[in-house]
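# Just need the structure, nothing else, for what follows:
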Amino acid sequence: MLVGNAVFSRLSMLGVVFLCLSLSSLTYASEQQSDMASIKQEHCEENNNLWGTLCMSRELKESDTRLNIVYKTLMSALAKPQGLQRAQHAWLVFRNAECTFHNAAMDGGSSYHFSMDLCLMQLTEQRISVLETVRPCNGCVEFKDEFYGNGKGFSLPERTRTPASGKL
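Sure thing, here's the model as predicted:
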C-alpha cells in the first residue's frame, strides 16, 4: 500500500505542476493579448469617430487574419484536430454573442460599429494568445509524430503586420 500512496502522491504533484504551468501560460497569453489589444485601441481612439471606426475595422481584420493563420497552422499540426475545430466553432459563437450582448444598447448609435469591432478585436486577440501557447508535450495536446523528438519542433509563423499605429 505504501507504493500505491507514493505513486498517487507523485501523480498528484505532477497534476499540481501541470496546473501551475497551464495557469502561467494562460496568464502570459492574457498579458500578450492585453498589450496588442491596448495598442490597437489607443491608436484608433486617437482619430475622430469616422476614422476611428475605419481604423478599428482594419485592426479587427488584422486580428482575424492572424487568428486564421494560427488556427490553420495548429489544425495541420495536430494528430486529432477535431477537438480544436469544435472548440473554435464554439468560441466564435461565444465571441459574437458576447459582443452583441455588450453592445446591444448602442445599436443604431454613432459609436456602435467602433465599439462592436473593439469588442470583437479584444476577444480575438485573447484567443490568438491562448492558441499561441499550444505546444506539443507528453500528456498534453497531441501533435503529429513529426513534431516529437526529431529536433524539428513546432513553431507558428511570425506576426507579419504590426497594428496600424506601428507600435509594438
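# Just name the shakiest helix or strand of the protein by mean pLDDT.
None of the helices or strands of the chain scores lower by mean pLDDT, DSSP states H and E than helix 2-45, at a mean of 56.
# I'd like the distance between G52 and T124.
Spatial separation of G52 from T124 under the definition CB to CB, to the nearest Å is 18 Å. C-beta: built from backbone N, CA, C; applies to glycine.
# hang on, I meant Q82
Here the criterion is CB to CB. By it, Q82 lies 22 Å from T124.
# next one: D145
Noted for D145: a distance of 31 Å to T124, by CB to CB.
# These two: who's more crowded?
A side-by-side neighbour count of D145 and T124, using other CB atoms under 10 Å, places T124 first with 25 against 10.
# what about the more buried one, helix or strand, and which?
T124 belongs to helix 112-132 when elements are defined using DSSP states H and E.
# Give the buried residues for that helix.
For helix 112-132, a neighbour-count test (16 or more other CB atoms under 10 Å) marks 113-132 as buried.
# One more: stretch 66-82?
Residues of stretch 66-82 classed as buried by neighbour count (16+ other CB under 10 Å): R66, L67, V70, Y71, T73, L74, A77, L78, P81.
# Distance check, the fifth one against T65.
T73 sits 13 Å away from T65 when distances are taken as CB to CB.
# can you list the weak-confidence ranges in this protein?
Within the chain, the set of residues satisfying pLDDT under 70 comprises 1-34, 138-139, 149-152, 160-168.
# Swap in 90 and give it another go.
Within the chain, the ranges that satisfy pLDDT under 90 run 1-52, 79, 108-110, 133-168.
# Now F143. Its backbone dihedrals?
F143 adopts backbone torsions of phi -100, psi 170, taken as degrees, to the nearest 10.
# next helix or strand past the least confident helix or strand of the chain?
Next element after helix 2-45 (DSSP H and E): helix 49-77.
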